[in-house]
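K.L.:
When you get a sec, could you give me coordinates for this:
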Amino acid sequence: MKKYNLPALAILVFFILLPACGGKKEMPKIPEWEQQAHRSVRQGNAAYHKGCYLLASRHYQAALEGYTAADNSYGTALALNNLGNAFRMRHQYEDALACYEEAGQRAALLGETDLEMLSSANRISLLLDMDQPDKAAYLMEKIADREAFPVFKRPEARLLDLSTRQKKAEELLKTALHGAGPDEKAGLYFTLGKIILEQNRAEEAREAFTKALALDKAAGRFGATASDLMALARCESLLGNDFKAYDAARRAMEIWALTGAAHEVAEHEAFFMELSEKSGADTSLSLHFIKTWLAGRAIAGPCD
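P.N.:
Model prediction:
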């Protein structure tokens, strides 16, 4: 699942790239007794990057516990934000919201503006996922200096799209692409593709999703790759390319099964079967492996 967001992942060699909305933040050198928490964040981000959100949430909780024991306030705020990302991707929305709110409050007390803004942007995106655009818009309006923080570009574009200002949303995203790094670009292209596809401009949307796919595959982001592929399947279906649509959907379903994304498999199963009928494809082997992998019987899956 992508949810209009590209999880930017943490790189921990004294740096942490905060998940979900991106942005680098230098981390102070961690004392020896906090090294396990440090490793847990690194392991959590590696799992999150691949789309292994259950595993990521376990590592983030371990990090939270380690930082809490050491009374590292910044570490606990960081771990809460990251844990919120993992909960969000697993559709545990209330848990995610609580984590984002607490992370933002702690970051504000510490004067860590970047982390506070990141948690706020994540919270806004989550409220949109929860179909609460009024609350999301209210929170966005409270942040007077949001133009200084790129993490707000994608949720802002989503709000513009919901208010039927699609052209302005597209312009915002295209402008943001110029100064974005590879991680951010993939998410921006995906969001742009979603907005364009909603207007039934399937060819243009396909171009945006194809660019997102190339970036996500190059970075080894399996979960994001699956979201790109399913979006491409919808484009190809609208364009009448039934077998291309089926093939893209099959690849997405298999990746989701391998990463344990049961919600995504269930959500898109009817569309997948519809495409198999239109294309005349035999789904028996794919369905066998999807069922096997969802049951946790992968031999060398990415989340094992």
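K.L.:
alpha carbons only for contacts and neighbour counts from here, please
P.N.:
Will do.
K.L.:
quick one, strands of this structure?
P.N.:
Under the criterion DSSP state E, the chain contains strands at 15-17, 24-26.
K.L.:
Which one of these has the poorest average confidence?
P.N.:
For those, the weakest mean pLDDT is recorded on strand 15-17, namely a mean of 37.
K.L.:
what pLDDT does the closest residue to Pro150 other than its chain neighbours get?
P.N.:
What sits nearest to Pro150 in space, not counting adjacent residues and going by C-alpha to C-alpha, 6 or more residues apart in numbering, is Ala176, at 7.6 Å. Per-residue pLDDT puts Ala176 at 93.
K.L.:
how many other residues sit next to Ala176?
P.N.:
16 (other C-alpha atoms under 10 Å).
K.L.:
Same question for Lys153.
P.N.:
20.
K.L.:
now Asp129
P.N.:
16.
K.L.:
can you check Asp282 too?
P.N.:
With other C-alpha under 10 Å as criterion, Asp282 counts 11.
K.L.:
Could you verify my assumption that it touches Glu274?
P.N.:
No - Asp282 is beyond contact range of Glu274, at 11.9 Å (criterion: C-alpha atoms under 8 Å).
K.L.:
and Arg39, what does it touch?
P.N.:
Ala63 (C-alpha atoms under 8 Å, 6 or more residues apart in numbering).
K.L.:
what's the distance between it and Ala63?
P.N.:
From Arg39 across to Ala63, the span is 8 Å (C-alpha to C-alpha, to the nearest Å).
K.L.:
do the same with His263
P.N.:
26 Å.
K.L.:
The two: which has the busier surroundings?
P.N.:
Taking neighbours as other C-alpha under 10 Å, His263 and Ala63 compare with Ala63 leading, 30 against 15.
K.L.:
In this structure the more buried one contacts Gln36, no?
P.N.:
Yes - here Ala63 reaches Gln36: they are 7.5 Å apart, a contact under C-alpha under 8 Å.
K.L.:
Report the buried residues of stretch 263-278.
P.N.:
264-265, 271-273, 275-276 (16 or more other C-alpha atoms under 10 Å).
K.L.:
Make TSV out of those residues and add pLDDT and distance to His91.
P.N.:
TSV is the format used below for the buried residues of stretch 263-278 (pLDDT from 0 to 100; distance: C-alpha to C-alpha, whole Å):
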residue	pLDDT	distance to His91
Glu264	97	10
Val265	98	13
Phe271	98	20
Phe272	98	21
Met273	98	24
Leu275	98	26
Ser276	97	27
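K.L.:
So which of those are in helices?
P.N.:
The helices, defined by DSSP state H, take in 264-265, 271-273, 275-276 from the buried residues of stretch 263-278.
K.L.:
pLDDT at Ala205, what is it?
P.N.:
98.
K.L.:
Please disregard the earlier target; I meant Ser163.
P.N.:
87.
K.L.:
Ok, the one 5 residues further on next?
P.N.:
pLDDT, Lys168: 94.
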